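*Asks:* The amino acid sequence is not available; the structure is as follows:
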C-alpha cells in the first residue's frame, strides 16, 4: 500500500515524479553548453556513469579531470581512488543528490562548474552552442582508475531508451501500460469509495507525456 501524506493531488502520485533515462545501458556524461549570461553550467552524470565513478546518492564526492595531449583525451576519476597525497590537485564536488536535467525528466548526480565545462569544450575543440554527450570508457593504466570521455558512436546510440518508456517505481514501463495500470487502480478505488471525488489521472498522465 502506497500512502503519500501532504500531496497536492489525490491520484497519480506514483508516476508524476517518474524520470526517463535516455541511455539505460551506457555510462554517459552530459556537458552543458553556453546557457546565457550569469547562468551556471553543469556536468551531468547518468546512473551508469555514477556507478562507474562510485558516486553514492546522499553523499558529496569529489571528481578530478586530466588532459591526455598525445591522444587528445579528457579523463575523469573519483579523487578517492587516487593513492597518496593529492597535494594541490583541483577537484570538483558533486551534488549530494540527483538533480534534474535541463531539457528532460532524467535526473543524475552533477558538478556545477562553468569553468570546467568550457575547458572540456575548448580542449576537445567542440561547439559550445549546445550540450554534448560523452560515454565513459576505462582508461588503460596501472597507476590510476580513470575513464575517458569519448563521443558517443552510432552503434551506441541504438541503445537509447524509447521515448515511450517511463522509469517508474516499479521499473521501466511503456506509457500505455502506466496509463492502463492507473485506470485499473482508479476503477478499483472508485468501486471501494464511490463518493470520493477524484481528478482524472489518465488525462494528467497523457498531458505529462505530450509535454515530453
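*Replies:* Alright, I've got the coordinates. Note that the coordinates shown come from a computational prediction; the quantities given were computed from them, not determined experimentally.

*Asks:* what's in contact with stretch 63-70?
*Replies:* Defining contact as CB atoms under 8 Å, 6 or more residues apart in numbering, one finds that stretch 63-70 is touched by 53, 73-79, 82, 89-92, 94, 111, 116, 119-120, 123, 146, 148. Backbone N, C-alpha and C define where each C-beta goes, glycine included.

*Asks:* That one: which residues count as buried?
*Replies:* Applying a neighbour-count criterion of 16 or more other CB atoms under 10 Å, one finds 63-65 buried in stretch 63-70.

*Asks:* go on, stretch 50-64?
*Replies:* So for stretch 50-64, counting by 16+ other CB under 10 Å, buried means 50, 52-53, 55, 61-64.

*Asks:* Quick check: end-to-end length of that stretch?
*Replies:* Terminal residues of stretch 50-64 lie 14 Å apart, using CA to CA, to the nearest Å.

*Asks:* average model confidence for it?
*Replies:* Mean pLDDT, stretch 50-64: 95.

*Asks:* and what of stretch 108-121?
*Replies:* 96.

*Asks:* picking that back up, which ones among the buried residues of stretch 63-70 map onto helices?
*Replies:* The helices, defined by DSSP state H, take in nothing from the buried residues of stretch 63-70.

*Asks:* what comes into contact with stretch 137-147?
*Replies:* 27, 52-53, 66, 73, 75-78, 81-82, 136, 148, 150.

*Asks:* swap in stretch 105-117?
*Replies:* Here stretch 105-117 makes contact (CB under 8 Å, 6+ apart) with 18-22, 31-33, 40-47, 49-50, 55, 57, 61, 63, 65, 92-95, 97-101, 212.

*Asks:* how about 6 Å then?
*Replies:* Contact with stretch 105-117 is made by 19-22, 31-32, 40-46, 50, 55, 92, 94-95, 98-100, as judged by CB atoms under 6 Å, 6 or more residues apart in numbering.

*Asks:* Likewise for stretch 88-98?
*Replies:* 55, 57, 60-64, 79, 107-111, 113.

*Asks:* Let me see the contact set for residue 61.
*Replies:* For residue 61, the contact set (CB under 6 Å, 6+ apart) comprises 55, 94.

*Asks:* residue ranges with poor pLDDT in the chain?
*Replies:* Along the chain, segments meeting pLDDT under 70 span 1-19, 84-87, 154-183, 185-187, 189-212.

*Asks:* that's a strand at residue 117, yeah?
*Replies:* No. Secondary structure of residue 117 (DSSP: H, G, I helix; E, B strand; the rest coil): helix, not part of a strand.

*Asks:* Give me the distance between it and residue 35.
*Replies:* Going from residue 117 to residue 35 by CB to CB, to the nearest Å gives 9 Å.

*Asks:* Outline the domain layout of the chain.
*Replies:* Here the domain parsing of the chain from automatic domain parsing is 1-20+162-212, 28-157.

*Asks:* Any idea what residue 28 is bridged to?
*Replies:* Beta-bridge partners recorded for residue 28 (DSSP bridges): residue 135.

*Asks:* quick one: contacts for it?
*Replies:* Per CB under 6 Å, 6+ apart, neighbours of residue 28: 46, 49, 133, 135.

*Asks:* From those, which land in strands?
*Replies:* When strands are assigned by DSSP state E, the members of the contacts of residue 28 inside them are 133, 135.
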